[in-house]
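Q: coordinates only, sequence not included:
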């Protein structure tokens, strides 16, 4: 489960999942939902691999979302399917998506950056919770 929430002049992303792999995938879907109005319009036709090294869960989440945002900003790629493995020493993921098509992908928010402000990845009674604020 993921959702967006208002945060002063920024936008918050909140994700919940039973495990860390699902949590990172849900956070990626939350980011996609912030970028485009209809995430279901993004077809998973091109695959890419993402590798991130690190041991701090919050920084791994930050770097993960930053890598996805960078692919949108620099390569004009949107991703809608995520197979994520979170390990003690990093994250490895296969991601699927397609190039941004202005005729099919209505933009939502202009996400300028992922921030460290109020960034958290914490265990809950039902699994894991992540929150991150993005600059819009």
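A: Okay, I see it. Just so it is clear, the model here is predicted, and its values are computed rather than measured. Numbers count the residues shown, from 1 in each chain.

Q: Give me the contact list for the longest helix along the chain.
A: When the chain is parsed with DSSP state H, its longest helix is helix 57-75. Applying C-beta atoms under 8 Å, 6 or more residues apart in numbering, the contact partners of helix 57-75 are 13, 20, 24, 27-28, 31-32, 35, 48, 50, 52, 54, 77-79, 84, 86, 90-91, 93, 95, 99-100, 111, 113-114, 116, 119-121, 130, 132, 134. For glycine as for every other residue, the C-beta is placed from the backbone atoms N, C-alpha and C.

Q: what do you get if the cut-off is 6 Å, keeping everything else the same?
A: By C-beta atoms under 6 Å, 6 or more residues apart in numbering, the residues outside helix 57-75 that reach it are 24, 28, 31, 50, 52, 54, 77, 91, 114, 119, 121, 130.

Q: The helix or strand hosting residue 34 packs against which elements?
A: Assigned by DSSP states H and E, residue 34 belongs to helix 20-35. Applying 3 or more C-beta pairs under 6 Å, 6 or more residues apart in numbering; DSSP states H and E, one finds that helix 20-35 contacts strand 2-7, strand 10-17, helix 57-75, strand 77-87, strand 127-135.

Q: do that again at 10 Å, thanks
A: strand 2-7, strand 10-17, helix 57-75, strand 77-87, strand 90-99, strand 120-124, strand 127-135 (3 or more C-beta pairs under 10 Å, 6 or more residues apart in numbering; DSSP states H and E).

Q: what is the rounded mean pLDDT of the first one?
A: So that's strand 2-7. The average pLDDT for strand 2-7 rounds to 64.

Q: Okay, now the unreliable bits of this structure?
A: Scanning the chain for pLDDT under 70 picks out the ranges 2-9.
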